[in-house]
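1. Return atomic coordinates for the entry below.
(one chain, ligands or ions: 1)
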Amino acid sequence: MTTVKGMIQGFEGDRMKVVSDYNVWYEFPVPDKPPVVGERVNIVLRSGEEPELQLTGANPLSQQEAAAKLYRYDQIESERHATAADVDDAAIARFWERGYMVVDKLLGEDEVAAALAGVTDIVQGRIVGPRVQRMKNAAWQTEEERELVTRKLHKFVDFSPALHHACFHPDSMSLLARVFGESAKFLEDQAILKPPSPDAGLEKPWHQDMAYGNLSQSKMVCGIWIALDEARLDNGCMHVIPGSHKDGPLPHFAIRDWQLCDSHVHVEQDVAVPLKPGGALFFAGLLHHGTPPNFSTARRRALQFHYCPESSQKLTPQQFKEMFTCELSGAEC
Ligand SMILES: O=C(O)CCC(=O)C(=O)O
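-> You can find the predicted model right below:
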């Protein structure tokens, strides 16, 4: 018999989705007294038998507690490049040193407006095809309510010319080629909306992007996070730990999300990266980063694209386990 820890990830009808610290997904029937999303659970595995779920009753850190304990708001990024054209070779070397760089104006005003129109059309169902992630049991009557329950969009670049343009922007592609020393291969598109609503504008806990299966590559992935609204300290702008990509891959755990263990995060080194609309954070796929909840009344819509060097290969499941889960290392949180 083995017992693996995990968390309640969400509900679908009368089933509950649970993800383990080994990054394996399970489904269980919802009990009479349903647990809360984020509750830590034990999954008991016996050979030849169905997995058994043990509820622990342990409440996850609240959004307020996470915002207060796991982020600081007094260290603000000051190294900034006005445009992509201002990134010289020293800045590329600095990217590899710190694991990120800021370009204050990657997209111009018209490009931001067109991207926002694309995002809104997907949220409101006027563009059909991309994946849309909403709150569980979300209901809405107005367009505004529909937006407030929508958290994430992905797989949209082939459905919106404006979003395709933002993803394959010539300035981004040439900057990525200089960062990688070879041409960039596109991996993934997302829009993360973090609405001003207590249920949907949740924290994205500290993590390394390459710990997510679709970004687990043999060479360093680079993300570009582009603010479409102003991303501020109070509405969940990006936070990073400079240089943390050099710590290498670390085990992730199913706590409030698939994330680094809270106690493994060097919160004292946290640097916040506020951005104006069109501003971008380029960051290495192993950089520790996260975003606190949106407690403001302002929207915080952002695009996030990931790329890797053309010659990179996807990690095997075994390599992924060794690098990013506690299954083989026995790491604990
Ligand atoms: O936009 C956010 O709130 C977090 C984005 C992020 O770090 C991610 O989804 O990997």
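
2. C-alpha from now on. contacts and neighbour counts both.
-> Will do.

3. Residue numbers of the stretch 101-250 of the chain in contact with the ligand?
-> Ile192, Lys204, Asp209 (Cα under 6 Å from any ligand atom).

4. Columns distance to Asn294 and pLDDT on top of the residues you listed, output as CSV?
-> Below are these laid out as CSV (distance: Cα to Cα, whole Å; pLDDT from 0 to 100):
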residue, distance to Asn294, pLDDT
Ile192, 12, 97
Lys204, 10, 96
Asp209, 21, 98
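
5. Just those residues: which are in strands?
-> Judged by DSSP state E, these include Ile192, Lys204 as members of strands.

6. Adding distance to Arg301, write the residues of the stretch 101-250 of the chain next to the ligand out as CSV.
-> Formatted as CSV, those follow (distance: Cα to Cα, whole Å):
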residue, distance to Arg301
Ile192, 6
Lys204, 14
Asp209, 19
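
7. which one of the residues of the stretch 101-250 of the chain next to the ligand is nearest Met7?
-> Lys204 (15.3 Å; Cα to Cα).

8. one step back: scan the residues of the stretch 101-250 of the chain next to the ligand and report the most crowded one.
-> Within these, neighbour counts (other Cα atoms under 10 Å) peak at Asp209, which reaches 23 neighbours.

9. That one and His266, how far apart?
-> Distance of Asp209 to His266, computed by Cα to Cα, to the nearest Å: 17 Å.

10. okay, now Phe168: neighbour count?
-> Neighbour tally, Phe168, other Cα under 10 Å: 14.

11. residue contacts, Phe253?
-> With contact taken as Cα atoms under 8 Å, 6 or more residues apart in numbering, Phe253 is in contact with Gly6, Ser20, Asp21, Tyr22, Asn23, Gln259, Leu260, Cys261, Thr325, Cys326, Cys333.

12. how much space between the first one and Ile122?
-> When you say that, I think you mean Gly6. Applying Cα to Cα, the value for Gly6 to Ile122 is 33 Å.

13. Pick out whichever of these two has more residues nearby.
-> It is Gly6, of Gly6 and Ile122, that has more neighbours when counted by other Cα under 10 Å, with 27 against 21.

14. what about that one, which SS state?
-> When classified by DSSP: H, G, I helix; E, B strand; the rest coil, Gly6 comes out as strand.

15. ok, now how distant is it from Val41?
-> 5 Å.

16. Strands - which of the contacts of Phe253 land there?
-> Using DSSP E, the members of the contacts of Phe253 that fall within strands are Gly6, Ser20, Gln259, Leu260.

17. In a markdown table, list these along with distance to the ligand and pLDDT.
-> Formatted as a markdown table, the ones in strands among the contacts of Phe253 follow (distance: Cα to the nearest ligand atom, whole Å; pLDDT from 0 to 100):
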| residue | distance to the ligand | pLDDT |
| --- | --- | --- |
| Gly6 | 20 | 94 |
| Ser20 | 19 | 95 |
| Gln259 | 10 | 96 |
| Leu260 | 12 | 98 |
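
18. Most neighbours of all the residues you listed, which one?
-> Comparing the ones in strands among the contacts of Phe253 by number of neighbours (other Cα under 10 Å), Gly6 comes first, having 27 neighbours.

19. which non-adjacent residue is nearest it?
-> The shortest distance from Gly6 to any non-neighbouring residue, by Cα to Cα, 6 or more residues apart in numbering, is to Ser20 (3.8 Å).

20. all strands for the stretch 51-200 of the chain, in order.
-> 52-55, 100-103, 131-134, 150-154, 184-192 (DSSP state E, counting those that start in this stretch).

21. Which positions in stretch 81-91 come out as buried?
-> Across stretch 81-91, burial judged by 16 or more other Cα atoms under 10 Å covers His81, Thr83, Ala84, Val87, Ala91.

22. ok, the first one - contacts?
-> For His81, the contacting residues are Val87, Val102, Val103, Asp104, by Cα under 8 Å, 6+ apart.

23. so what's it bridging to?
-> Counting by DSSP bridges, His81 is bridged to Val103.

24. Distance check, it against Phe95.
-> 12 Å.

25. and Ser160, what does it touch?
-> Gly118, Ile127 are the contacts of Ser160 under Cα under 8 Å, 6+ apart.

26. Please report how far it lies from the ligand.
-> 20 Å (Cα to the nearest ligand atom, to the nearest Å).

27. ok, and the closest non-adjacent residue to the residue of the stretch 51-200 of the chain found nearest the ligand?
-> At 4.9 Å from the ligand, Ile192 is the closest residue in the stretch 51-200 of the chain, using Cα to the nearest ligand atom. What sits nearest to Ile192 in space, not counting adjacent residues and going by Cα to Cα, 6+ apart, is Lys152, at 4.7 Å.

28. Met210 now?
-> In space, Met210 is closest to Ser216, 4.7 Å off (Cα to Cα, 6+ apart).

29. Could you give the number of residues near the one you found?
-> Neighbours of Ser216 (other Cα under 10 Å): 24.
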